[in-house]
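Engineer: Show me the folded form of this:
(4 chains)
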2 protein chains.
Amino acid sequence: MSPRKDAKDPTAATKAALLEAARTEFAAYGVAGARVDRIAERAGVNKERIYGHFGSKEKLFDTVIKAALDEVAAAVAMPGKDPAEYVGNLFDFYSTHPDLVRLLMWEALHYRGEDDLLPGQELRVDKCRSKTESLAEGLDREPDASVARMVFSLVGMAMWPSVMPQLARITVGEEAATPEGREALREHLVDFVRAAVEK
Amino acid sequence: MSPRKDAKDPTAATKAALLEAARTEFAAYGVAGARVDRIAERAGVNKERIYGHFGSKEKLFDTVIKAALDEVAAAVAMPGKDPAEYVGNLFDFYSTHPDLVRLLMWEALHYRGEDDLLPGQELRVDKCRSKTESLAEGLDREPDASVARMVFSLVGMAMWPSVMPQLARITVGEEAATPEGREALREHLVDFVRAAVEK
DNA sequence: ACGGTAGCCAACCAACCAGTTGGCTGTCAA
DNA sequence: TTGACAGCCAACTGGTTGGTTGGCTACCGT
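Structural biologist: Residues are numbered from 1 along each chain as shown, chains lettered A, B, ... in the order given. Next up is the predicted model:
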């Protein structure tokens, strides 16, 4: 058995520190821009540990992304009966977790579809399917492709302001960065969706 | 005067080749992931020319982005009277220019707002303002912040499928990659916007 | 004709960076 | 007690990469 199997397992602690530091680093610079030394330093751990625990920079990135994906999945409720409110909640979540959004963007750019995909995304597929089913049920419809497209659009609308914050500022002005600006944007989105679905 | 000022200026030709190659490289790998040697090779030019013409990798990136921005600005008409059709057109444009979208994403991640911004983006600001004015006029409204928010959302909806193509495939299925799938997505977006604005 | 110079290139360079090595320490099973 | 092993670290390595240098060529104004 491994030494120190008790709660304060030091191995798990360094692993967690590494993961946390990696998340910050990858969110800021992406895979290519991230520096292994910087991650180790921020975690207060020798960089060799990265290889001992994760194998490579790329694998560490995958692990970070997977954790982020889980976090997203866990945090946000299903669309359910009210798509507009769903968009509002999603918007709030992404607004308060900009690093997560950046991580998702880096991942999207790194793993462009077709050939190479992030391994183990079945969970993600399931999540999307259940979202579609939830929305279909809430809307009293069949969970077909058209409902799936709706889910996709809703997620997009909710994420967009966090995906392109500078564009938001350029378009709606500096106020976009203020709490009032965020709130106005949120209401705009919710109203927009409500108008669209309510006929 | 510089030698060879006539039309077939070889200097301009290598510069253009470099720009073209850089665009491909940056779209694929981003600033940090791009390799100067690869750009030079693809352009069929010595890499020193990059420094002679542009100064640095970063400056080359800025130049590429600026060109891409101009291209976007030139290609797409103003929102005008029909926001739904505008979204449809934008969607078509981005769908047929995925590299441009990737470039914009890399830029968004590289120049996160606040402190560092891509220099010389006044043109971009103007473009956004005139879009807002165009939409306001078409909708018979004042060009206030709420119209600006609308512009911002419309752009987001149109770009989203090109921004997250894998998510699109995960959500709506493999068919998202087919021409029929794209068309269905386009119609969904147009209908969605029409429903939202027509009340 | 010819000196000046702009464009270009092959070769070079130093810093950087992902990944490795060898050794030290503390714990656990026997 | 002891030997084996897991976690950890300081120091090292060598391939890579952004950027530079010195020289060659061809065109231009005079």
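Engineer: Next, the buried residues of stretch A:96-111.
Structural biologist: For stretch A:96-111, a neighbour-count test (16 or more other C-beta atoms under 10 Å in any protein chain shown) marks A:97, A:100-111 as buried. Bear in mind the C-beta positions are built from the backbone N, C-alpha and C, glycine included.
Engineer: now, which of the residues you listed sits nearest residue A:192?
Structural biologist: Nearest to residue A:192 out of the buried residues of stretch A:96-111 is residue A:101 (C-beta to C-beta; 20.0 Å).
Engineer: Do I have it right that that closest one meets residue A:163?
Structural biologist: Yes: using C-beta atoms under 8 Å, residue A:101 is in contact with residue A:163, at 6.1 Å.
Engineer: Output the set of residues of chain A in proximity to DNA strand D.
Structural biologist: A:2-3, A:10-11, A:13-15, A:44-49, A:52-53 (C-beta under 7 Å from any atom of the strand).
Engineer: of the residues you listed, closest to residue A:82?
Structural biologist: The closest of the residues of chain A next to DNA strand D, once distances to residue A:82 are taken by C-beta to C-beta, is residue A:15, at 39.9 Å.
Engineer: one step back: looking at the buried residues of stretch A:96-111, which are in helices?
Structural biologist: A:100-110 (DSSP state H).
Engineer: ok so, going back, make CSV from the buried residues of stretch A:96-111 and add distance to residue B:195 and pLDDT to it.
Structural biologist: As requested, those are arranged in CSV below (distance: C-beta to C-beta, whole Å; pLDDT from 0 to 100):
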residue, distance to residue B:195, pLDDT
A:97, 30, 98
A:100, 30, 98
A:101, 27, 98
A:102, 32, 98
A:103, 33, 98
A:104, 28, 97
A:105, 29, 98
A:106, 34, 98
A:107, 32, 97
A:108, 28, 97
A:109, 32, 98
A:110, 35, 97
A:111, 34, 95
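Engineer: Among the residues you listed, which pair sits farthest apart?
Structural biologist: Top of the distance list for the buried residues of stretch A:96-111 (C-beta to C-beta): A:97 and A:111, 20.3 Å.
Engineer: quick one on the thing from earlier: hmm, which of the residues of chain A next to DNA strand D are the buried ones?
Structural biologist: Neighbour counting with 16+ other C-beta under 10 Å marks A:14-15, A:45, A:47, A:49, A:53 as buried within the residues of chain A next to DNA strand D.
Engineer: Which members of those are the farthest-apart pair?
Structural biologist: So, these by C-beta to C-beta: farthest apart are A:15 and A:47, at 13.7 Å.
Engineer: still on that earlier bit, which among the ones in helices among the buried residues of stretch A:96-111 gets closest to residue A:193?
Structural biologist: Nearest member of these to residue A:193, counting by C-beta to C-beta, is residue A:101, at 19.3 Å.
Engineer: who touches the closest one in this structure?
Structural biologist: Residue A:101 makes contact with A:94, A:159, A:162-163, according to C-beta atoms under 8 Å, 6 or more residues apart in numbering or on different chains.
Engineer: which outside residues touch stretch A:147-159?
Structural biologist: For stretch A:147-159, the external contacting residues (C-beta under 8 Å, 6+ apart) are A:79, A:83, A:86-88, A:90-91, A:94, A:101, A:104, A:128, A:131-132, A:135-136, A:139, A:141, A:189, A:192-193, B:153, B:156-157, B:160-161, B:163-164, B:167-168, B:171-173, B:184-185, B:188-189, B:192.
Engineer: could you redo the last one with a cut-off of 6 Å?
Structural biologist: A:83, A:87, A:90-91, A:94, A:131-132, A:135-136, A:141, A:189, B:160, B:168, B:171-172, B:185, B:188 (C-beta atoms under 6 Å, 6 or more residues apart in numbering or on different chains).
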